[in-house]
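*Asks:* Fold the following.
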Amino acid sequence: TRGFTETYAGAVAGKILLPDGWRADVEGAYSRVTGNYEFSGIPLPGILAQALADPNPTTAFNPFGEGSNTSTSTLDRIRGSFLGGVEFKSELWSGTAKVSGSVFEMPGGKVKTAAGIEYRKERNFTFNRGPDANGNLITSDPLNFGPKFLVSREVVAGFGELLFPIVGESNALPGVQRLDVSLAARVENYSDFGSTANPKVGVTWTLIPGLSLRGSYGTAFRAPAGTEIFGAAASSQVTIWPDPTSPTGTRPVLRVARVDPDLGPETASIWTAGFDFSPSAVPRLRLSATYFSIDFKDRITTFGFANLRALADPTLAAIVQRNPSAADVQREIDGTTFLGYSASFLATGLPATPGSVGAIVNIGLQNAARERQSGVDFDMSFSQPTEFGDFGVGINGTWLVKYEQQIAASSPIFGVLDTLNFPVDLKMRGRLSWSNGPWSATTFINYTDNYTNKTVTPAAEVKSWTTVDASVRYAPTRSGAMEGVSIG
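*Replies:* Model (predicted):
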C-alpha cells in the first residue's frame, strides 16, 4: 500500500479599534487537502472463502504449514493482481466578522456583549477504485456518483452573547463575592439541512475568594460531515451469526456496513454543574470538578458492536431485517463492495445465492433515536518552587455514570458503558513534572478501566491497563539562529 497527502492552508485576520472601547474582528481562511492511496496484492475475501471450502486438495487453500502446501495458481487468485485505491479531496472556505464591547453599566460592573456572523463552504470528493470479491476492478463507486464533489455545503450563521455582572467588587455580599450570568444564542442555516437555533445560559457564583460554583444549560446541533456521508466505502458479506430463534441456532446473515441514505443531523441538550477551588491556605493548589449530562437525539453513530449479537439481542432489532426477499439482498449486494460468502457460510452447504440469506443487518453509520451520557470530569494540580527547581503534580480524568443508547423510538434503552467500542467508566491521567532553567522532565501515568467484549461468545473481559509516558527536554535560552531550539 502506498499513498500521499497534500495540505494547503492559509488565513488572514485583522481588528479595528472602535470608539468607547469597542472593537471589530474579521478573519478568513481557506484549506485544501488532496491525496490518494493505492493497494495491490491484498487477499480477496470471496476467493479465499471459496478456496478454503474447495474439496479438491490440488486447488484448495491449505492454511497449515508453509505456502508450498497450496498451489501457486490458487495463491495468485487469492492475492489478486488488481490495482485499486481511493482518491480524495476536500476544500473549506470560512469567514467570520464580529464586534465586541460594553453596552451599559450595572452595580456589579459593565455588561459586555459580542455578536457576529460566519460563513462556511465545504466540498468533499471521494472516488473509489477497487476490486469486488472476485477481483474484478471497480472503477467508480456503486452509486454512480462518478468523479465529482459528492458533498457541497454552505452554512451561514449568526451568533451573540451577553455577560451580566449581577454582583461584583463594588456590591459584594457575604457569601456572594461575585455573580455573573451569561446568555448566548447561535442561529445557523445549512444549504442541505435547513435552519437551527441553539441557546445557552450560564451562571458563575463566587461564594468566597477562591471558591466558585458554576452551571450551564444549552442545546447543540451537528450535521453529518462530508467524510461521514461518503468517507468510507460501503461493504457487505454473507456470513453465519448465532440466532436463538432458529432451529439450528444460527442464521445466514448479510452483514452490511454502509451509510444510511437518510442520515440526518443530531441534536443535544447539555447540562453542566461544577466548582473551582483554590484555597488561600494552600497556594498553588487547584481543584475542580464538573458534572455533565448530555441527551442526544438522532445520534450519528455506527453499530459495529452488534457483530454476532444482533439476532440474539432484542434491543438491536431495529437494525435487523429478517427473512428478506432475494431481491432485497441483491439490492444491498449491488449497492456495496461485496466481500463474498464467508467460510462459515460455505461450510453449511447452503447455495451461495441471495435466496439463502435469512437476515440483513446494517451496522454502518446511521441515526440512533437517542443516546444519554452523564459523568464527572475532575482535575487536581499542585506546584511548588524549590531551590532545586519547580515541581508539579496532578491528576485528571473522567468518571462516567451513564452511557445509554436507543436505536429506534420503539426500541428499549440499553447501556453500553464498559463494552467494546464504547467508553469505560473510569479513565485517569496522573502527571509529575520538574523544571530548572533549560531542563525539564515530565512523567504521565495513564489508567484505563476494564471493559467487556460482547462481540464474541462467550463475552470476554478485557482487563484494565496502565501505561507510563516519560520525557526529558533541554531548551537553552539563546538568541540568533538557535533561538527556540529544544532537544527532547
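
*Asks:* Where does pLDDT dip in the stretch 1-150 of the chain?
*Replies:* Along the stretch 1-150 of the chain, segments meeting pLDDT under 70 span 1, 38-46, 65-68, 79-86, 127-150.

*Asks:* if you set the cut-off to 50 instead, what comes out?
*Replies:* The model of the stretch 1-150 of the chain has pLDDT under 50 over residues 81-83, 133, 135, 137, 139-149.

*Asks:* residue boundaries of the strands in it?
*Replies:* Using DSSP state E, counting those that start in this stretch, the strands of the stretch 1-150 of the chain run over residues 2-17, 23-40, 83-106, 109-131, 137-138.

*Asks:* tell me the most buried of those strands?
*Replies:* Most buried of the strands of the stretch 1-150 of the chain by mean neighbour count (mean count of other C-beta atoms under 10 Å) is strand 109-131; its value is a mean of 18. Where you see a C-beta, it was placed from the backbone N, CA and C, and this is true even at glycine.

*Asks:* Mind giving me the packing neighbours of that one?
*Replies:* Under the contact criterion of 3 or more C-beta pairs under 8 Å, 6 or more residues apart in numbering; DSSP states H and E, strand 109-131 touches strand 83-106, strand 137-138, strand 151-167, helix 226-230.

*Asks:* So which of the ones you listed is nearest residue 341?
*Replies:* Taking C-beta to C-beta, strand 137-138 is the member of the helices and strands packed on strand 109-131 nearest to residue 341, at 18.5 Å.

*Asks:* if we can go back for a sec, any chance of the strands of the stretch 1-150 of the chain in a markdown table with distance to residue 175 as columns?
*Replies:* Compiled in a markdown table, these are given as follows (distance: least, C-beta to C-beta, whole Å):
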| stretch | distance to residue 175 |
| --- | --- |
| strand 2-17 | 39 |
| strand 23-40 | 36 |
| strand 83-106 | 20 |
| strand 109-131 | 19 |
| strand 137-138 | 70 |
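
*Asks:* Quick check: which of those is nearest to residue 244?
*Replies:* The minimum distance between residue 244 and the strands of the stretch 1-150 of the chain falls on strand 109-131, with 36.1 Å, by C-beta to C-beta.

*Asks:* Report the angle between the closest one and strand 83-106.
*Replies:* 170 degrees (axes from the mean of the first three to the mean of the last three C-alpha atoms, to 10 degrees).

*Asks:* in its sheet, what does strand 109-131 sit against?
*Replies:* As defined by DSSP bridges, the strand partners of strand 109-131 come to strand 83-106 (antiparallel), strand 137-138 (antiparallel), strand 151-167 (antiparallel).

*Asks:* With residue 470 as the reference, name the closest of the ones you listed.
*Replies:* Closest to residue 470 of the strands paired with strand 109-131 is strand 83-106 (C-beta to C-beta; 37.0 Å).

*Asks:* would residue 394 count as being in a strand?
*Replies:* Yes. Assignment of residue 394 by DSSP: H, G, I helix; E, B strand; the rest coil places it within a strand.

*Asks:* can you offset everything so residue one is 24?
*Replies:* Okay, residue one is now 24; in that scheme the one you just asked about reads as residue 417.

*Asks:* Could you give the number of residues near the residue nearest to it when sequence neighbours are not counted?
*Replies:* In this structure, residue 417 finds its nearest non-sequential neighbour in residue 404, 3.7 Å apart by C-beta to C-beta, 6 or more residues apart in numbering. Counted by other C-beta atoms under 10 Å, the residues lying close to residue 404 total 16.

*Asks:* swap in the one 4 residues further on?
*Replies:* Using other C-beta under 10 Å as the criterion, residue 408 is surrounded by 11 other residues.

*Asks:* With the one 10 residues further on instead?
*Replies:* Summarising burial for residue 418: neighbours were counted as other C-beta under 10 Å, giving 16.
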